[in-house]
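S.K.: using only what follows, build the 3D model:
(chains A and B)
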Amino acid sequence: MSRITLLSLQVLVAVATLALWQFFSTVPVFGKVLLPPFFFSNPVDVFSQIVKWFSTGVIWKHLAITLWESILAFVIGSAGGILVGFWFARQPRVAAVFDPYVKMVNALPRVVLAPIFALWFGLGVWSKVALGVTLVFFIVFFNVYQGVKEVPTTVLDNGRMLGMNERQLMRHVYWPSALSWMFSSLHTSVGFAVVGAVVGEYLGSAAALAI
Amino acid sequence: MTEPTAVALDGATVAFRLADGRVYTAVEQANLAVDHGEFVAIVGPTGCGKSTLLNVTAGLLKPAAGTARIFDKPLNGLNRDAGYLFQADALFPWKTAIDNVAIGLEIRGTPRADALARAQKWLTSVGLGAFAGRYPHMLSGGQRKRVALAQVLIRDPKILLMDEPFGPLDAQTRQIMGNLLLELWTADRKAVLFVTHDLEEAIALADRVVIMSAGPSARIIGDWRITLPRPRDIAEIRMEKDFHALHREIWGVLKDEVMKGYVQSTQAGAA
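M.R.: Numbers count the residues shown, from 1 in each chain, chains lettered A, B, ... in the order given. Next up is the predicted model:
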């Protein structure tokens, strides 16, 4: 399939979906609109609302807040994940002791924490940041931990034989390895930072994108 | 001989504790001396502990008994006089070829510009002058070995330890790499300890060929001086009559051990 055919088919799927949505939410089928307007909007309305937000400029303030929450969640979560990831990877005994608890906390669906965070940190920015941090932290933590652990023994031995001390091993071997794992997971961790912010906003906030 | 012996293993025994608590003796009572500027090849069947012996010399492994002396000093911790060329890929995948070569100097405190200039020279002398900016994954297996060789040699180690360094390469590339190694070694004679399972390669390269028995508890069972004239060409020396005579003689000893090693490896698999 040529690139152009593929691209036009992909666009066609989007257009068809939107057309069907518009059709079922506005045109009565057998005397009844299948997607009642109270529960379902239609694409034209959604689009005109978005245009209105941008043209009046009200959206910018809300966008800025959500973006800010996501950035804070990402930065704090990543910093924590990097620190703890390195610490655990270099101290296998600490990692072994904490292992079941890390798994337990990670298995917990983080969304259930959102109301608690709202109670603790209020309806402002920080309850959303806290939720985002719990999501981002574990992704970064696991990747850094893995990245440090998975350095091949040969590469490590090579570093030692080339004369590296512990600090130099950290800088030239462990850190770049952890970083490459982190970068490969960046799209998930950034995504989760936004998810944390938006889900937090659903539950209640003063100003945000999700309301 | 005024220079002290580069590597002297005296009764070196290496043992590991297995997961089930038993002790596995890999190498027993190994005595081996490598003179300054001497090229020694260790040959033995698979799993006989050749690499183990090399790791002891590198200081990566501590012998359970016996001693390792480097230039007449007992080895304590890592062997700082040695450069190690590993069997597996050991380049830093996140560094370019030139950074991989320069790192050994940089961590010593050599200014970066200086280190890079010397790394470029070394890359050129292993035939990769035009590949300085490539990352390891953009190089072929043979090219990666060349970078690894430059990475080790730029530090000018007095002892060169090589663990089947050309094992993963195809036959032609191995010969080219062998000749490159001999050329670099002739220019600056270091003590070399070269581990291989390929007897032909060992005879073609080395001054001495040491044969190890099949493991466990592998021992050194033979030591031949290879008097073939230098400079040698790896590909052509294999056609010589003297080469064949040596090969036949050493293979006579090695053959039994290879069979023993094979039988043991199949039994270990069944047990």
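
S.K.: sec struct for the residue nearest to the spatial centre of chain B, please.
M.R.: With the centre of chain B defined as its mean C-alpha position, the nearest residue by CA atoms, centre = their mean is B:M162, 1.7 Å away. The local conformation at B:M162, judged by DSSP: H, G, I helix; E, B strand; the rest coil, is strand.

S.K.: B:G11: what secondary structure?
M.R.: Assigned with three-state DSSP, B:G11 falls in the strand class.

S.K.: from chain A, how far off is it?
M.R.: Distance, B:G11 to chain A, by CB to the nearest CB, to the nearest Å: 25 Å. Every residue, glycine included, has its C-beta placed from N, CA and C.

S.K.: unless I'm mixing things up, that residue is touching B:N31, no?
M.R.: Yes. Shown here, B:G11 and B:N31 form a contact pair, counting by CB atoms under 8 Å, at 6.4 Å.

S.K.: tell me the secondary structure at B:W185.
M.R.: For B:W185, the assignment made with three-state DSSP gives helix.

S.K.: count the residues that sit near it.
M.R.: 18 (other CB atoms under 10 Å in any protein chain shown).

S.K.: again, but for A:Y202
M.R.: Neighbour count for A:Y202, taken as other CB under 10 Å: 13.

S.K.: how far away is B:G47 from B:F194?
M.R.: Using CB to CB, to the nearest Å, one obtains 18 Å as the distance from B:G47 to B:F194.

S.K.: between those two, which is the more surrounded one?
M.R.: For B:G47 versus B:F194, the count of surrounding residues by other CB under 10 Å is larger for B:F194: 27 against 19.

S.K.: mind telling me what element the more buried one is part of?
M.R.: strand B:191-196 (DSSP states H and E).

S.K.: return the set of buried residues in the helix or strand following that strand.
M.R.: Sequence order places helix B:199-205 as the next helix or strand after strand B:191-196, per DSSP H and E. Neighbour counts using 16 or more other CB atoms under 10 Å in any protein chain shown place B:199, B:201-205 of helix B:199-205 among the buried residues.

S.K.: same check, this time on stretch A:144-162
M.R.: A:144-149, A:151, A:154-162.

S.K.: what residues are up against whichever residue of the stretch 101-250 of chain B sits closest to chain A?
M.R.: Per CB to the nearest CB, B:G104 is where the stretch 101-250 of chain B lies closest to chain A, at 4.5 Å. Neighbouring residues of B:G104 by CB atoms under 8 Å, 6 or more residues apart in numbering or on different chains: A:162-163, B:151-152, B:154-155.

S.K.: and the helix or strand bottoming out on mean pLDDT in chain B, what does it pack onto?
M.R.: Across the helices and strands of chain B, mean pLDDT, DSSP states H and E gives its lowest value to helix B:241-270, namely a mean of 83. On a contact count with 3 or more CB pairs under 8 Å, 6 or more residues apart in numbering or on different chains; DSSP states H and E, helix B:241-270 meets helix B:199-205, strand B:208-212, strand B:220-225.

S.K.: export the ones you listed to a markdown table and tack on distance to chain A and mean pLDDT?
M.R.: Formatted as a markdown table, the helices and strands packed on helix B:241-270 follow (distance: least, CB to the nearest CB, whole Å; pLDDT from 0 to 100):
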| stretch | distance to chain A | mean pLDDT |
| --- | --- | --- |
| helix B:199-205 | 21 | 93 |
| strand B:208-212 | 22 | 93 |
| strand B:220-225 | 24 | 90 |
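
S.K.: nearest to A:A64, out of the ones you listed?
M.R.: Closest to A:A64 of those, according to CB to CB: helix B:199-205, at 67.0 Å.

S.K.: list of residues touching the closest one?
M.R.: For helix B:199-205, contacts defined as CB under 8 Å, 6+ apart pick out B:39, B:41-43, B:166, B:174, B:178, B:181-182, B:194, B:196, B:209, B:226, B:228, B:232, B:234, B:237-238, B:243, B:246-247, B:250-251, B:254.

S.K.: again, 6 Å this time
M.R.: With contact meaning CB atoms under 6 Å, 6 or more residues apart in numbering or on different chains, helix B:199-205 is reached by B:41, B:43, B:178, B:196, B:209, B:226, B:234, B:237, B:246-247.

S.K.: just among those residues, which is most surrounded?
M.R.: Most neighbours among the contacts of helix B:199-205, by other CB under 10 Å: B:V43, with 29 neighbours.

S.K.: that one bridge partners, please.
M.R.: For B:V43, the beta-bridge partners under DSSP bridges are B:T196, B:I211.

S.K.: for residue 49, report the pLDDT, please.
M.R.: Using chain A here. Listed pLDDT for A:Q49 reads 89.

S.K.: actually chain B
M.R.: pLDDT, read off for B:G49, is 83.

S.K.: for it, give me its contacts.
M.R.: The contact partners of B:G49, by CB under 6 Å, 6+ apart, come to B:26-27, B:215, B:218.

S.K.: hmm, which two among the residues you listed are most spread apart?
M.R.: Checking these with CB to CB, the most distant pair is B:V27 and B:G215, at 7.6 Å.

S.K.: give me the neighbour count for B:W224.
M.R.: Neighbours of B:W224 (other CB under 10 Å): 19.

S.K.: quick one: it and B:V210 touch, right?
M.R.: No. Using CB atoms under 6 Å, B:W224 is not in contact with B:V210, being 8.0 Å away.

S.K.: tell me the domain ranges of chain A?
M.R.: Here the domain assignment for chain A is A:1-56, A:57-211, based on automatic domain parsing.

S.K.: how far does the last one sit from the chain's center?
M.R.: Right, the one you point to is domain A:57-211. Centroid separation for domain A:57-211 versus its chain: 10 Å, with CA atoms, centre = their mean, to the nearest Å.

S.K.: so that domain, near chain B or not?
M.R.: Yes. Contact of domain A:57-211 with chain B (CB under 6 Å from any CB of the partner chain) involves A:154-155, A:157-158, A:160-164, A:168, A:176.

S.K.: mind listing residues that contact the helix or strand containing A:D99?
M.R.: A:D99 is part of helix A:92-107 when elements are defined by DSSP H and E. Contacts to helix A:92-107, defined as CB under 6 Å, 6+ apart, come from residues A:88, A:138.

S.K.: one more time with 7 Å
M.R.: Contacting residues not belonging to helix A:92-107 are listed as A:87-88, A:138 [CB atoms under 7 Å, 6 or more residues apart in numbering or on different chains].

S.K.: okay if I get those as a markdown table plus neighbour count, pLDDT and secondary structure?
M.R.: Converted to a markdown table, the contacts of helix A:92-107 look like this (neighbours: other CB atoms under 10 Å in any protein chain shown; pLDDT from 0 to 100; DSSP: H, G, I helix; E, B strand; the rest coil):
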| residue | neighbour count | pLDDT | secondary structure |
| --- | --- | --- | --- |
| A:W87 | 16 | 91 | helix |
| A:F88 | 22 | 90 | helix |
| A:F138 | 21 | 90 | helix |
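
S.K.: distance to B:L85 added to the domains of chain A, as CSV?
M.R.: Listed next are the domains of chain A as CSV, based on distance: least, CB to CB, whole Å:
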stretch, distance to B:L85
domain A:1-56, 46
domain A:57-211, 9
